[in-house]
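Asker: pasting the sequence and the predicted coordinates here, then a few questions.
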Amino acid sequence: MRTFLSTALIALVAVLVPLSALAVWADREIGNTDRFVSATAPLAADTDVRRAVSERVTDEAMKQIDLGPLQGGAAQLLNDAVTSYTATGGFQKVWNTVTRTTHQALLDALNNDSGDSVTIDLAPVTAQVKQQLTDNGLPFADQIPVEHTDITVLESDRLGTWRDVFHALGIAGIWLPIATLLLTAIALVLAVRRLRALTALGLALVVGAILLGITVAVARGIALGDLPQDVDRPAAGAVYDALTATLRTTAWVVLAVGLVLAAAAWLTARSRTRRATARPARTKLR
């Protein structure tokens, strides 16, 4: 009976490991503005994000400007100006401000059923570029409109499902990892053969890490697949990858710990078995 319970608990740990990682991630990163901003801050230097910002700001601005035969040249000039601005420290500061606002929109979408999309408003970027071009004396700079210009990073008819998952993970919070550790300890206490249980626990961690990695990959495909056709998927993918970077790191760490634990326990058990079988032989020779 003890062996059965220990085995069942270890099998349960394999399922609880990815759920625990997701619960902590949802609570400590997605649910925390400062950590959200910190996670997305490197995106200001991401090539796909910078390109998407430049194209979006340029396209939306040029819709409001009519320069006749000079339209194409003006669009290229504006695109170059925005691209140049995205390489400055000023863009990093504006990006952090923008993502802080985006985080609130994300929480509203996940908690309050407000809409079915999450966007990044690029109006502050447009304002900064317009000011720079105006200072440089560009003739059409004063015609550049500073209005809501966004990049969609999440949009889905199934956003209700995402809300349900987020709510469930939020409820679990830090208690799920604590429960996982407690069940692990109980499983080891109940185990009749401790080394075999440690080997099984290591393998359970490996399975849990693999499940976590698969979950992140599948969710990425679903999130990007639900985006409208006109949304820049490489940029949206970069945002998703930045937000889930800690989950992927966690998966690799848990995988490594599981492999080391399973290998160490198995080798120790094998070594003890060899010594036990070799001891009677030496006694007989005497």
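Answerer: Here it is on my side, so go on.
Asker: tell me where the model's unsure across the stretch 101-250 of the chain.
Answerer: 113-116, 155-159 (pLDDT under 70).
Asker: tell me which stretches of it form helices.
Answerer: 123-135, 159-172, 175-190, 194-225, 233-243, 245-285 (DSSP state H, counting those that start in this stretch).
Asker: figure out which of the ones you listed is closest to His148.
Answerer: helix 123-135 (5.8 Å; CB to CB). For every residue, glycine as well, the C-beta is placed using N, CA and C.
Asker: on that earlier part again, turn the helices of the stretch 101-250 of the chain into TSV, columns for distance to Gly31 and mean neighbour count.
Answerer: Output for these, formatted as TSV (distance: least, CB to CB, whole Å; neighbours: other CB atoms under 10 Å):
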stretch	distance to Gly31	mean neighbour count
helix 123-135	24	18
helix 159-172	7	15
helix 175-190	14	15
helix 194-225	17	18
helix 233-243	12	19
helix 245-285	13	13
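Asker: got CSV for those helices, with distance to Thr7 too?
Answerer: Formatted as CSV, the helices of the stretch 101-250 of the chain follow (distance: least, CB to CB, whole Å):
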stretch, distance to Thr7
helix 123-135, 56
helix 159-172, 24
helix 175-190, 8
helix 194-225, 7
helix 233-243, 36
helix 245-285, 15
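Asker: can you tell which of the ones you listed is closest to Lys63?
Answerer: helix 123-135 (12.3 Å).
Asker: what lies in contact with the closest one?
Answerer: 53, 57, 60-61, 78, 81-82, 85-86, 90-91, 94, 97-98, 141-142, 144-149 (CB atoms under 8 Å, 6 or more residues apart in numbering).
Asker: from the residues you listed, list just the buried residues.
Answerer: Burial by neighbour count, judged by 16 or more other CB atoms under 10 Å, picks out 53, 57, 60-61, 78, 81-82, 85-86, 91, 94, 98, 141, 144, 149 from these.
Asker: just the ones in helices from the residues you listed, please.
Answerer: Among these, the members found in helices (DSSP state H) are 53, 57, 60-61, 78, 81-82, 85, 91, 94, 98.
Asker: I'd like those residues as CSV, with distance to Leu5 and pLDDT appended.
Answerer: As requested, these are exported to CSV (distance: CB to CB, whole Å; pLDDT from 0 to 100):
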residue, distance to Leu5, pLDDT
Val53, 55, 90
Val57, 61, 88
Glu60, 62, 85
Ala61, 66, 85
Leu78, 68, 89
Ala81, 67, 89
Val82, 62, 89
Tyr85, 62, 89
Phe91, 57, 91
Val94, 57, 91
Val98, 52, 89
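Asker: ok, those vs Ala217, which is closest?
Answerer: Of those, the one sitting nearest to Ala217 (CB to CB) turns out to be Val53, at 26.2 Å.
Asker: that closest one and Asp121, how far apart?
Answerer: 11 Å (CB to CB, to the nearest Å).
Asker: ok, now Trp252?
Answerer: Counting by CB to CB, the gap from Trp252 to Asp121 is 34 Å.
Asker: right, and Ala44 touches Trp95 too?
Answerer: Yes - here Ala44 reaches Trp95: they are 4.1 Å apart, a contact under CB atoms under 8 Å.
Asker: those two: which is more packed in?
Answerer: Neighbours per residue (other CB atoms under 10 Å) separate Ala44 from Trp95, with Trp95 holding more: 26 against 21.
Asker: residues contacting the more buried one?
Answerer: 40-41, 43-44.
Asker: switch to 10 Å and redo it
Answerer: 37, 40-45, 49-50, 53, 86, 102, 120, 122, 124-125 (CB atoms under 10 Å, 6 or more residues apart in numbering).
Asker: which one of those is nearest Ser6?
Answerer: The closest of the contacts of Trp95, once distances to Ser6 are taken by CB to CB, is Thr40, at 42.6 Å.
Asker: wait, the closest one touches Gln92, no?
Answerer: No - with contacts counted by CB atoms under 10 Å, Thr40 stays clear of Gln92, the gap being 11.2 Å.
Asker: of the two, who's got more company?
Answerer: Thr40 (24 against 16).
Asker: pretty sure Pro18 contacts Val216?
Answerer: Yes - taking CB under 10 Å as the definition, Pro18 is a contact partner of Val216 at 9.0 Å.
Asker: and for the two, which residues touch both?
Answerer: 247, 250-251.
Asker: looking at these, which is nearest Gln229?
Answerer: Nearest member of those to Gln229, counting by CB to CB, is Leu247, at 27.6 Å.
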